[in-house]
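Trainee: coords below, sequence missing:
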């Protein structure tokens, strides 16, 4: 771990970056895991499509936090870059998903996901 | 290059055979052909002969184009008549140039030409080849046949141009296209230079026959008759096909010139097999001939074929196509003779089946009321005579009878057609009478009288001479029971005279009465309404027109000319010409069966002389009985029938004859019904096992598998998410477990 920091320092890049301690990273990862679990439980228990969508966003951001933590741990900026991409995609996806929800709501005036189960087999 | 080698091999065989025969085979040479079959000469000066076969093709194509263009005029008829007349003229020119002693091959184009070697490609390999060029084989037999085929084709097409006039339009085009196809196929059959071309024509005439029998395709009986004819012919065709395969296996070639040369030299040519096939070939060919020429087991299609238009019955089912079987056996006579030399009985079988068919069909004809059916059974009977002649080894008698029969039977059919045409499709001889006295019917009456006399074999007619050639031969040739067969033939001659004149007397003499066919089923005459079953006054028969009368006159004169030609043979040369033509062809080798030296005698006379009196007497007796029962004293005929039906011990006879000896019923019981049972069983097997278990069972397997997993897809988003999460958890657990174990 130190070798990586040294090599980066020698290259003159991210010279200000200092590895964080193992305790700090554990806390951040714990936050991420808790967020993910909340999101998943929310997704599995709620029937409201907007809430389910919010839960998926929650899971998304939990993985983004984990990625920032690992990037910081490895002194690798790619983790943060990735998060920027994830945020962009999430924004686009949010627009799309909410649009879909609006369309579905126009068909049937409900937000219950159960109302759209006729596509199942038989 | 490979095929060139094979051809050289075949040509060597041909040359070897040809060389032998040009030196003249001594009697007792291989297979003992007394009259050598002349070798083939390839002539360039006969190029015109190709048009004999192309003109009908051209006409068929043109008729098809007319149909597509919607021609409503008589153009198809004139096209066909012109093409067939052209064929006849070319045939006449060709035959006049032909020297029967040297058959000519006219090459049209290369058709089938394949060869292969059985070895590794070295010089000593044995080469096999199958060569069947589209070429014409002109010898006495084919020249003889093609002359009357094209002549009668022209005449009958001319007749049909008037007869079929109600159908002007697409039907008219279809009819004449069919006639043209028929003539093309018949020409290929007769003139073909090899057995493959003969087979092409053989199937072609079968197709044309099917198309034309089923001409009134809206009538179920016609469709059924067409199918029956086609299927019965298939049985015979199978025999012919097998015969051709065996010939190829045995002799390695299918070209007549090569085959005859090989047969004469006693070698088996380039064939691969030896011996066993030689005894089998004639039986296969015989089956083919019996199918096409309507002999005993396979004759039942011909009477039903009368559902077709009458010109078709006259041309195809009386005069030309049904003689194809005679032609086949006459053409392949050397195979039959070799079979006889090897101790086989193929020729005797031909004679006996022919003779028995003649008798059987004559008895049926005696009791039919439909005049076309009478003529159809008469055709079967006369064809039986011809086969008898072939089997008795008088190819000349058989072929001569083919010619006379073609003329008088075409004449009879065309007369029947004129009657049917004029009387609203009526064919029942009980419902017609005294037509002689209706104005305009004199020509038909006279022509039919000529035809009937000729068919009956009344002394002095052509039919009498040609039939006597065959009957007398039965008392000359050596063979199993040929004397008895001769008497069967003589009895049949008497029956023939009876049934022929029964028709003529019933229709043309006595009080005039007629009524049209109730349904107008045969030929629809929309103009003649009124069918209340009585002598109705709305119905007016219309006498035949000029073209029908002209054709009837020409054919009558032709028949008379054939008879005159017999008397003044040296002047007109008809009979001598025919004899010359047949004797120089492959059929002529039949002469060898005549015992050398003194002929056996019959009642102290030479058989031909004796037969003039015997068959003449039988014919006249038959005619007299017909006169008594059907002209002078018609009540006697009814009384006789009532008397026969009333007697228990004899009642079966008239009933059986009226029901055609129940042959159709026997076929239904012995062949159609078992076949139906078997096909039902197979159908059930197919439904239950093949379709049910095999196909649908296989298809049900994936469905079954799907039904196991289908409940997983319940359409609830949370369900899917749960299974995803559960799956993820399992994967993580597995990874952790592996990691833990690996680290320990």
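Mentor: It's in. Predicted model only: the values in this text are computed from it and were never measured. Residues are numbered from 1 along each chain as shown, chains lettered A, B, ... in the order given.
Trainee: So in that sheet, which strands flank the biggest strand by length in chain B, and in what orientation?
Mentor: Ordering each strand of chain B by length in residues (DSSP state E) puts strand B:104-117 first. If you go by DSSP bridges, strand B:104-117 pairs up with strand B:41-42 (parallel), strand B:127-138 (antiparallel).
Trainee: Please work out which of those strands is packed deepest.
Mentor: strand B:127-138 (a mean of 22; mean count of other C-beta atoms under 10 Å in any protein chain shown). Backbone N, C-alpha and C define where each C-beta goes, glycine included.
Trainee: Following the chain past that strand, name the next helix or strand.
Mentor: Scanning forward in sequence from strand B:127-138 by DSSP states H and E, the next helix or strand is helix B:140-163.
Trainee: next helix or strand past that next one?
Mentor: helix B:170-191.
Trainee: Compute the inter-axis angle for that following helix and helix B:140-163.
Mentor: Following axes from the mean of the first three to the mean of the last three C-alpha atoms, to 10 degrees, one obtains 170 degrees for the angle between helix B:170-191 and helix B:140-163.
Trainee: hang on, the earlier thing: mind giving me CSV with the strands paired with strand B:104-117 and columns for distance to residue B:396 and mean pLDDT?
Mentor: Shown next, in CSV, are the strands paired with strand B:104-117 (distance: least, C-beta to C-beta, whole Å; pLDDT from 0 to 100):
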stretch, distance to residue B:396, mean pLDDT
strand B:41-42, 24, 65
strand B:127-138, 19, 84
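Trainee: Could you save the ones you listed as a markdown table and add columns showing distance to residue B:156?
Mentor: As requested, the strands paired with strand B:104-117 are exported to a markdown table (distance: least, C-beta to C-beta, whole Å):
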| stretch | distance to residue B:156 |
| --- | --- |
| strand B:41-42 | 34 |
| strand B:127-138 | 23 |
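Trainee: Please name whichever of these is nearest to residue A:21.
Mentor: Across the strands paired with strand B:104-117, residue A:21 has its closest neighbour in strand B:127-138 (95.6 Å, C-beta to C-beta).
Trainee: Flag the shaky bits of chain A, pLDDT-wise.
Mentor: Scanning chain A with the threshold set as pLDDT under 70 gives A:1-19, A:119-122.
Trainee: try 90 this time
Mentor: Filtered on pLDDT under 90, chain A yields the residue ranges A:1-25, A:44, A:46-47, A:49, A:70-80, A:107-122.
Trainee: which residues in it form helices?
Mentor: A:2-11, A:22-45, A:49-74, A:78-107 (DSSP state H).
Trainee: Which secondary structure elements does the second one sit against?
Mentor: Applying 3 or more C-beta pairs under 8 Å, 6 or more residues apart in numbering or on different chains; DSSP states H and E, one finds that helix A:22-45 makes contact with helix A:49-74, helix B:717-743.
Trainee: Run the angle between it and helix A:49-74 for me.
Mentor: Using the same axes, to 10 degrees: helix A:22-45 against helix A:49-74 is 160 degrees.
Trainee: What segments of the stretch 551-700 of chain B are strands?
Mentor: Listed in chain order, the strands of the stretch 551-700 of chain B (DSSP state E, counting those that start in this stretch) amount to none at all.
Trainee: Quick one: neighbours of the closest residue to chain A within the stretch 551-700 of chain B, just the number.
Mentor: Closest contact between the stretch 551-700 of chain B and chain A, by C-beta to the nearest C-beta, is at residue B:700 (16.0 Å). Neighbour count of residue B:700, defined by other C-beta atoms under 10 Å in any protein chain shown: 11.
Trainee: any idea of the pLDDT on it?
Mentor: Predicted confidence (pLDDT) for residue B:700: 91.
Trainee: and it, what does it touch?
Mentor: Going by C-beta atoms under 8 Å, 6 or more residues apart in numbering or on different chains, residue B:700 touches no other residue.
Trainee: ok, now which ones touch residue B:141?
Mentor: B:327, B:330-331, B:399, B:581-582, B:585-587.
Trainee: can you put the residues you listed in CSV and add distance to chain A, pLDDT and neighbour count?
Mentor: Below are these laid out as CSV (distance: C-beta to the nearest C-beta, whole Å; pLDDT from 0 to 100; neighbours: other C-beta atoms under 10 Å in any protein chain shown):
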residue, distance to chain A, pLDDT, neighbour count
B:327, 71, 94, 28
B:330, 75, 92, 28
B:331, 72, 91, 27
B:399, 79, 90, 29
B:581, 83, 85, 24
B:582, 82, 85, 26
B:585, 79, 82, 29
B:586, 77, 81, 29
B:587, 78, 80, 29
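Trainee: Of all the helices and strands packed on helix A:22-45, which one comes closest to residue B:307?
Mentor: Between the helices and strands packed on helix A:22-45, helix B:717-743 lies closest to residue B:307; by C-beta to C-beta that is 71.4 Å.
Trainee: Work out the gap between that closest one and the centre of the chain.
Mentor: 84 Å (C-alpha atoms, centre = their mean, to the nearest Å).
Trainee: Do it and chain A come into contact?
Mentor: Yes - against chain A, helix B:717-743 shows contacts by C-beta under 8 Å from any C-beta of the partner chain at B:717-718, B:721-722, B:725.
Trainee: from those residues, which is closest to residue B:229?
Mentor: Using C-beta to C-beta, the residues of helix B:717-743 next to chain A come closest to residue B:229 at residue B:717, 71.4 Å.
Trainee: so what pLDDT did the closest one get?
Mentor: Reported pLDDT for residue B:717: 79.
Trainee: Next, count neighbours for it.
Mentor: So residue B:717, with other C-beta under 10 Å, has 16 neighbours.
Trainee: check contacts around it.
Mentor: Contacts of residue B:717 by C-beta under 8 Å, 6+ apart are A:52, A:113, A:117.
Trainee: Spatially, what comes nearest to the second one if we skip its sequence neighbours?
Mentor: Going back to what we said before, that points to residue A:113. Using C-beta to C-beta, 6 or more residues apart in numbering or on different chains and skipping residues adjacent in sequence, the residue nearest residue A:113 is residue B:717, 4.8 Å away.
Trainee: May I have the secondary structure class of the residue of the stretch 351-500 of chain B found nearest chain A?
Mentor: Closest contact between the stretch 351-500 of chain B and chain A, by C-beta to the nearest C-beta, is at residue B:425 (64.5 Å). When classified by DSSP: H, G, I helix; E, B strand; the rest coil, residue B:425 comes out as coil.
Trainee: mind checking the backbone torsions on it?
Mentor: Per-residue torsions, residue B:425: phi 80, psi 10 (degrees, to the nearest 10).
Trainee: For residue B:278, which of the helices and strands packed on helix A:22-45 is the nearest?
Mentor: Short answer: helix B:717-743, nearest of the helices and strands packed on helix A:22-45 by C-beta to C-beta, at 80.3 Å.
Trainee: Quick check: buried residues in that closest one?
Mentor: B:717-718, B:721 (16 or more other C-beta atoms under 10 Å in any protein chain shown).
Trainee: Right, I'll call it a day here.
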